[in-house]
Structure formats: structure tokens, C-alpha cells
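With the input below, show me the fold.
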Amino acid sequence: AGMGGGGGGGSSGKQLEREFAKRLNDLMQMLRFNESVDLQGSNLGNEGLAYVSEALAFNDTLKFVEFGSNGVGAEGVVAMCEFLKQNKHLESLSLQGNAIGDEGAVALAEYMTSNMSITSLNLSANCIGDEGARALADMLKRNSTLVSLEMNNNIIDYEGSAALANALASNAALEVFSMNGNYAGTMGASALAKGLEANEALEEFNLNGNEIGSEGMRVILAGLAAHKGKIESIDFGNNKIGSDCMEELAAYLKDDDSLTSLNLYMNEIGDIGAEKIAEALKENRTLETLDIGGNNIYAMGMGGLAAALKENKTVKTLELGYNPIGPSGAKALANSLKFHGGAVEVLRLGWCKIEKEGTIDLAEALRYNETLTTLDLRGNNLKDEGCAALAGSLQIVNEALSSLDLGYNEIKDKGAYVLATALKNNGDGALNEIKLNNNYITKFGEVALTEAADLVSEMHNGKEIVMYF
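Predicted coordinates:
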């Protein structure tokens, strides 16, 4: 029943009920007079949602509403849909993190079939299974208004995936389709591949954490290659994808002219996969964000990627964290960044076993590189020596790097003092954020850095350097 007071306890129960009613009325006023309302975590429950939903009827002000994490089940959704039938202006509805289940999904699908205003629907984490997915799929065949559908972290299996795939084949409006953290598996991936092949509208396709494996990846790549529209963003992270389908991925990337973001985080592509992607990057001219973190890539694979970065001029964000590239992998990367930096602006190298030796090479590259704005070096055992190498470069010249993360690196006060000196010596530098969380810096080191930041602020028109310890 959500946050209702309940009848017990005599006057205190009545008091609670009065407070509940007053709060619900306040929320209704918010819904009536604001364009965007976030009621996430308001503990509404079914009764509360049914009550405040009355404010949705005949409402021409509200465009975006967030009802996430409110302990709402099917009953609350059914009541909400009744009032929504009288609404012609709502554009975005989120019910993420509730428990509407299949029953709630069926009710919502029925309502959405004739809705002409909602363009964005978020039903993530709602215990929706195949039955709910089938109902939503039927709705997608008839609805021509919905542009974004998110159904992450539900319990959709092969049957639900196949129904949704079938709907994608005929739907001409949906641009964002997200079902991360479900159970599509290889068979579901095969069905989705057919849907992608016939679809022309989709721009973003997210299938993270569905155990599709290399086989599923292979068929989806074939579907994507045949897709008539322009897919701009794909998320295949956490899918047990190995190196044995990287040949197909490389072929797709060489041929494609629309993909700007590719996520393969936490798979098993290894050095072979990294080298195949590297070959494709030499020819690809559109990819801007590449996440291949946590893929068992060592120095060899890093060498191939580093060579490709000398030729590639489009990749701006590169996530390589949790790959044991080691000092020699860092050296190869540093050589690329030094003179042929390409376009990389955001580089994430957390937990890559770079050690202080690799950091010395990266620090050297920073003296010449002009594109890097964000560098993440967490968990690389830099110690004070690695920190000193970076400080040595940052105090000479730094016109680009604005954010540096050195967390989890066993840096002590000695490293902090050297960094503080570097800040004072180059107050004109671009650095405005330094993260040093989970190191061994005492109050003395923290004070030195804070005072350095204050001095820079005084000398350079109130320029702010934010420190995190």
C-alpha cells in the first residue's frame, strides 16, 4: 500500500493518514503546474500512484514524469493508465525500478497502443518477462509515436526477445531500443538480428549483459550490416564475446559510415580481437567512442591499437581500463599520443598494471600531446615516483589536460608535495580537477595541495582547481 498510514493506533494512525493525504495533494499540485516532475523514490505505492495520477488527466502542462522506485505494481499502473487516457500532452514516462510485472506491462501496452503523445518510455527493472514483452511488442507494431523504449534489467527470455524482434521489423518510429541485462541468449540474438535487418529507423541498440556470445554477436553483425538505416550507438558489453567474431566486427567497422559509439566492455576479445579492431580503426572514419575495457588485452594488443591511433582521427573517447597492458603497452600508447595523438580527448587506463615505468612514458607524452583533456590512471601502482613524473610534465606545459584521476595508487605525501609544486609553477595550466581518492596522503599532503589550489585561484582570477581525497 506504499506510504499510507493504515488504520491502527487510533489518533496516531489518523495523523499519519492526514500527513499522507496532504503530501499526495502537494504532489498533485506539482504534477498539475510543472512541465517536468521527478517523483522517484517517493514511496507512493499503488494507492499513492492511483491518487496522484488524477492530476494527469486533462493536463496540458506536464511533459516529463518520473515515477521510478515507488513500490508500484500492476494495480497502480492500471489506475494510472485510466487517467492517462485523458492526457494528450505527456511526452516522457518512466516507471523504472518498480514491480509492475507482466500484468502491468500488458495494461501499459494496451494504453500505449492508442497513445499519440508519449515518445519515451522507461520500464527498466520491473520484473517483466516474456508475456509482458509480447504485449509491448504488439503495441510497437501499432504505435508510431514512441521513439525510445528502455527495458533493461528485466527477465525477458528468448520468446520475449523474438516477439520484440518481430515488432522491430515493422516499426518505423523507434530510434532507441534498450534491453540490457535480460536473457536473450544466442537464440534471442538470432531473432533480433532478423528484426534489425528489416528495421530502418533504429539509431541506438543496447544489448549489454544478455549472454549472446560470439555466435550471437556474429548473427547480429550480419543483421546490422543489412540494416537500411543509420545505427549510431551499440552496446554489447558483458556478453561473453570472444575473439572468434572479431573478423566480422572489423569488416562491419571498415564498411560502416554511421556508428559513433561502440561498447564491448567486459568481454573476452583478447589481443587478437584488439588487433582486428585496430585494423578497422585505420579505415573507419566515424567512430568517436570506443569502450574495450576488461577484455584481457595485453601489450601486444595495445601495440596494434596504438599503431592504429597514429592514423585514426575520429576516436575521441577510449576506455581501456582493466586490461593488463603493462608498462610496455603504456609505452606504445605514449608514443602514439606524443606526436600522432589523433583525436583522443578522454583516455581511461584504470587498473592496467602500468606501474611507474609506464607512467614515466605517459608523462613524457603529455609534454607534446595537445588533445587529451581527461586521463584516468587509477589503480596502476604509480606510487610517488609515478606521481612525480606526471607532475614534472604538468608544471612545464599543459594547455589541454583538465581532469586527472590518480586514485588507488599508493601515493604518499611526497607525491602530493611534488604535485602541489607543479600546480603553483603552472597556474596557467588547464588542470581544474585532480582526484586522489584512496591513496596514503595524510592531512599534511592534503593541506599542501589545497593551499596550492588556493594560491592558483588568487593569482589567476579565481581559477578553481577541485581536489578529491
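
make it CA atoms for all contacts and neighbour counts henceforth
Noted.

so what's Gly293 up against?
Each residue near Gly293 by C-alpha atoms under 8 Å, 6 or more residues apart in numbering is listed here: 264-266, 319-323.

For Asn323, see how far away it is.
Computed as C-alpha to C-alpha, to the nearest Å, the Gly293 to Asn323 distance reads 6 Å.

next one: Glu410
Glu410 sits 20 Å away from Asn323, taking C-alpha to C-alpha as the criterion.

Which one of these two is surrounded by more residues?
Comparing Glu410 with Asn323 by other C-alpha atoms under 10 Å, the one with more neighbours is Asn323, at 26 against 19.

Let me know the helix or strand that that one is in.
Under DSSP states H and E, no helix or strand contains Asn323.

Same question for the one 5 residues further on.
Ser328 belongs to helix 326-340 when assigned by DSSP H and E.

Averaged pLDDT, that helix. What do you get?
For helix 326-340, mean pLDDT rounds to 94.

before we move on, back to that, restricted to strands, list the contacts of Gly293.
Within the contacts of Gly293, residues falling in strands by DSSP state E are Glu319.

Show the buried residues in the contacts of Gly293.
264-266, 319-323 (16 or more other C-alpha atoms under 10 Å).

what's the distance between Ser261 and Tyr298?
23 Å.

typo on my end, Asp138
Applying C-alpha to C-alpha to Asp138 and Tyr298 gives a distance of 46 Å.

what does Asn432 give?
Distance, Asn432 to Tyr298, using C-alpha to C-alpha: 32 Å.

How about Leu146?
To Tyr298, Leu146 is 43 Å away according to C-alpha to C-alpha.

Neighbour count: the two, which is higher?
Neighbours per residue (other C-alpha under 10 Å) separate Leu146 from Tyr298, with Leu146 holding more: 25 against 19.

pretty sure the more buried one is in a helix, no?
No - per DSSP: H, G, I helix; E, B strand; the rest coil, Leu146 lies outside any helix segment and is coil.

so where do the strands sit in the stretch 201-350 of the chain?
With DSSP state E, counting those that start in this stretch as the criterion, the stretch 201-350 of the chain has strands at 204-206, 233-235, 261-263, 289-291, 317-319, 346-348.

Can you list the buried residues in the least confident helix or strand in the chain by mean pLDDT?
Ranking every helix and strand in the chain by mean pLDDT, DSSP states H and E puts helix 10-33 at the bottom, with a mean of 86. Neighbour counts over helix 10-33 (16+ other C-alpha under 10 Å) mark 16-17, 20-21, 24, 27-28, 30-32 as buried.

Next SSE downstream of it?
Sequence order places strand 36-38 as the next helix or strand after helix 10-33, per DSSP H and E.

Identify the residues contacting that following strand?
So strand 36-38 is contacted by 30-31, 62-67 (C-alpha under 8 Å, 6+ apart).

what does stretch 127-138 give?
Contacts of stretch 127-138 (C-alpha under 8 Å, 6+ apart): 99-106, 109-110, 154-161, 163-164, 166-167.

could you redo the last one with a cut-off of 6 Å?
Identification of contacts with stretch 127-138 by C-alpha atoms under 6 Å, 6 or more residues apart in numbering yields 99, 101-102, 105-106, 109, 154-156, 159-160, 163-164, 167.

how far is that stretch from where the chain is centred?
Relative to the mean C-alpha coordinate of its chain, stretch 127-138 is positioned 24 Å out (C-alpha atoms, centre = their mean, to the nearest Å).

show me where pLDDT drops low in the stretch 201-350 of the chain?
Within the stretch 201-350 of the chain, the stretches with pLDDT under 70 are 341.

which residues in it form helices?
213-226, 246-255, 270-281, 299-311, 326-340 (DSSP state H, counting those that start in this stretch).

Pipe those into a markdown table and attach distance to Lys194 and mean neighbour count per row.
Shown next, in a markdown table, are those (distance: least, C-alpha to C-alpha, whole Å; neighbours: other C-alpha atoms under 10 Å):
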| stretch | distance to Lys194 | mean neighbour count |
| --- | --- | --- |
| helix 213-226 | 6 | 21 |
| helix 246-255 | 17 | 19 |
| helix 270-281 | 25 | 22 |
| helix 299-311 | 32 | 22 |
| helix 326-340 | 39 | 22 |
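
Can I get those in CSV including distance to Ala388?
Formatted as CSV, the helices of the stretch 201-350 of the chain follow (distance: least, C-alpha to C-alpha, whole Å):
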stretch, distance to Ala388
helix 213-226, 43
helix 246-255, 39
helix 270-281, 31
helix 299-311, 24
helix 326-340, 17
